[in-house]
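# need coordinates for the following:
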Amino acid sequence: MSPQTLFYIIIAILVINFIIDQLLDALNAKHFNDALPSEINDVYDEAEYKKSQAYKKEKYRFGLITAFISIIGTLLFFFLDGFAYVDGIARSISDNEILVALIFFGIILFASDIIMTPFGYYNTFVIEEKFGFNKTTKATFFLDKLKGWFMMAIIGGALLSAIIWFYHSTGSYFWLWAWAIITVFALFMNLFYARLIVPLFNKQTPLAEGTLRSKIETYANTVGFTLDKIFVIDGSKRSTKANAYFSGFGKEKRITLYDTLINDLEDDEIVAVLAHEVGHYKKNHIIINLVASIATTGFTLWLLSLFIGSPLLSEALHVSQPSFHIGLIAFGVLYTPVSEVTGLLMNYLSRKFEYQADNYAKNTFSTPPLISALKKLSKNSLSNLTPHPAYVFMHYSHPTLLERFKSLKKVK
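Numbering: from 1, shown residues only. Model (predicted):
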C-alpha cells in the first residue's frame, strides 16, 4: 500500500465517522417534538416541555455548527501537512525523541483547546445560562482551563514519556510495559481520584449529621454495606444539574452526592439513588468495568505494537522522519472503527448494569422513590425523553427514562 492510499483511507474514516454522527444526530432531532409516552408524561407540564424542546434544539444546532467547524479544521490540517509542520517545530527545539513527542502533542492539544475555548464559553455562558443551568463564573471557567492544562502536562506527559521510553528500550515488547504502567495508573486513579483530583476543582465535605445521613446509614446497615465516607460536593458552583457517584473500592470506597441533588430530592429519593449506586458495587460493576477497560487497553496497545514501527504511517501524513508520535496519530484514526465497536459493547454492558443497579435498589429499598428521583433529575436537566432508538444504541451508556420506568414496574 502506498502512503497516499493510506492517507486517503485516513481521510475517509474521518469523513465517514463524521457523516454517521451527523445522521444519528439529525435522526434524533426529528423526535424532539414527539409526545411524551403516557408512563412518563408527568415529568413535564406543557410549559416545561416546551422549554426542554427549545433547549434540545438549541444544543443540537450549536453542536452541528461546532462539529462542522471541527471537521473542516481537521481536514485542512491533514491536507495542509499540519503534522509535518508541527513535527518540524518540535525537532527544531530538541532532538530527544521523548521531548520531541511532548512538544509535538503539547502544541497540537494546546492549540486545539484554545481554538475550541470560545465554543465552550458560548455553551456555558450563553446556552446553559439562557436555560438557567449555569452557575460557573468566568474566573472558575478559565481557572478550570488552567488546571486542566496543568494536569494534562503533568499526568499525560509522564505517561507518554514512559510509553515512548519503553518503545525505544524494549522494542516490540513495549506494549506489555505500557499496558502495565497504564494498568497501575488506572487502579491508582480508581482508588484515589476522589481524594487527589476532585479537590483541585471542587470542595468536598462530609455529609453532616442529620435525618438524611441517618437514613443512608440505616439503609447501608440493612444491606451489609460498610459506608463511613459520604461526601457532599459543591456542584452548584458550576451548574444546577444534579448527580451522585460511587468511587473507589475496599477501604477507599465512598459515595459523593452533589449539593444540587440534596436540594432537588427528598431524603427517601436520595437514599434510593444511593441504593442504586450501592447496587453497582454489590454487583461488582466497578471491578468488571475496570477489568474490561484494562483488557481493551491491552488489546489496543498490542495492535499498536504491530503497526507503530512502520514508516508507512508517518509517510501517510507526509512526515519524512518516522516517529512514535506521528505513527500514534495515524494509528489513532485507523483504529476508529475498532474503538466504535468496543464503545458499542461497553455502552451495551453499561446499560445492562444500570438495569441491575435499579433492580438492586428496588429490591433492597423501594421502587416509588427511585422512579420519582429519576423523573425529577430528568426534569431538572431538561433531558430528552423521546430519543431515537438508534441514537440510544450508539451513544447512551444509560437506558432511557422510559426503559428504566418499565423495568422498575415489572413484577417478578
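# mind listing what's buried along stretch 363-373?
364, 365, 367, 369, 370, 371, 372, 373 (16 or more other CB atoms under 10 Å). For every residue, glycine as well, the C-beta is placed using N, CA and C.
# likewise stretch 10-22?
Here stretch 10-22 shows 10, 11, 14, 17, 18 as buried, counting by 16+ other CB under 10 Å.
# which strand or helix spans the fourth one?
By that I understand residue 17. Per DSSP states H and E, residue 17 falls inside helix 3-29.
# does residue 398 fall in a helix, a strand, or a coil region?
At residue 398 the chain is in coil, as set by DSSP: H, G, I helix; E, B strand; the rest coil.
# tell me how far it lies from residue 385.
Distance, residue 398 to residue 385, using CB to CB, to the nearest Å: 13 Å.
# those two: which has the busier surroundings?
Between residue 398 and residue 385, counting by other CB atoms under 10 Å, residue 385 is the more crowded of the two (22 against 16).
# turn the buried residues of stretch 363-373 into a markdown table, including pLDDT and secondary structure.
Shown next, in a markdown table, are the buried residues of stretch 363-373 (pLDDT from 0 to 100; DSSP: H, G, I helix; E, B strand; the rest coil):
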| residue | pLDDT | secondary structure |
| --- | --- | --- |
| 364 | 94 | helix |
| 365 | 93 | coil |
| 367 | 94 | helix |
| 369 | 95 | helix |
| 370 | 96 | helix |
| 371 | 95 | helix |
| 372 | 94 | helix |
| 373 | 94 | helix |
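# pull out the buried residues from stretch 351-362.
For stretch 351-362, the neighbour count (16+ other CB under 10 Å) marks 351, 353, 354, 355, 356, 357, 358, 359, 360, 361, 362 as buried.
# angles on the backbone of the first one, please.
Translated: residue 351. Backbone torsions of residue 351, given as degrees, to the nearest 10, read phi -60, psi -40.
# list the contacts for it?
By CB atoms under 8 Å, 6 or more residues apart in numbering, the contact set of residue 351 is 396, 397, 398, 399.
# name the nearest residue to the last one, sequence neighbours excluded.
Distances taken as CB to CB, 6 or more residues apart in numbering place residue 351 nearest to residue 399, at 5.1 Å, with adjacent residues excluded.
# what's the spacing between the one you found and residue 393?
9 Å.
# now do residue 25
14 Å.
# try residue 258
28 Å.
# the two: who's more crowded?
Between residue 258 and residue 393, counted using other CB under 10 Å, residue 258 has the larger neighbour count: 21 against 14.
# do a quick rundown of the helices in the stretch 151-300 of the chain.
Using DSSP state H, counting those that start in this stretch, the helices of the stretch 151-300 of the chain run over residues 157-170, 174-196, 211-222, 259-264, 267-282, 285-307.
# nearest to residue 81, out of those helices?
In terms of CB to CB, the element of the helices of the stretch 151-300 of the chain nearest to residue 81 is helix 285-307, at 21.1 Å.
# in this structure, which helix or strand is least confident?
strand 244-247 (a mean of 80; mean pLDDT, DSSP states H and E).
# tell me what that one is packed against?
Here strand 244-247 touches helix 174-196, strand 254-258, helix 267-282, going by 3 or more CB pairs under 8 Å, 6 or more residues apart in numbering; DSSP states H and E.
# quick one: strands adjacent to it?
Strand 244-247 pairs in its sheet with strand 254-258 (antiparallel), by DSSP bridges.
# could I get the average pLDDT for the partner strand?
Here strand 254-258 scores 87 as its mean pLDDT.
# pull the CA atoms of that strand into CSV?
Extracted C-alpha coordinates of strand 254-258, given in CSV (Å, rounded to 0.1, in the frame of the first residue of the first chain):
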residue,chain,number,x,y,z
ARG,A,254,-17.0,6.5,49.0
ILE,A,255,-20.3,8.0,47.9
THR,A,256,-20.3,11.5,46.6
LEU,A,257,-23.6,13.5,46.5
TYR,A,258,-23.9,16.8,44.6
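# measure how far it is from the centre of its chain, please.
Distance of strand 254-258 from its chain centroid, counting by CA atoms, centre = their mean, to the nearest Å, is 18 Å.
# need the phi and psi values for residue 37.
According to degrees, to the nearest 10, residue 37 has phi -60, psi 150.
# returning to that earlier point: contacts for the least confident helix or strand of the chain?
Residues from elsewhere that reach strand 244-247 (CB under 8 Å, 6+ apart): 190, 193-194, 253-258, 261, 270, 273-274, 277-278, 280-281, 286.
# contacting residues for the nearest residue to residue 177 once chain neighbours are set aside?
In space, and not counting its chain neighbours, residue 177 is closest to residue 166: 4.0 Å by CB to CB, 6+ apart. Contact analysis of residue 166 by CB under 8 Å, 6+ apart lists 174, 177, 178, 181.
# any chance of these in TSV, plus pLDDT?
Below are these laid out as TSV (pLDDT from 0 to 100):
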residue	pLDDT
174	90
177	93
178	94
181	94
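# if anything else comes up later, I'll come back, but that's it for now.
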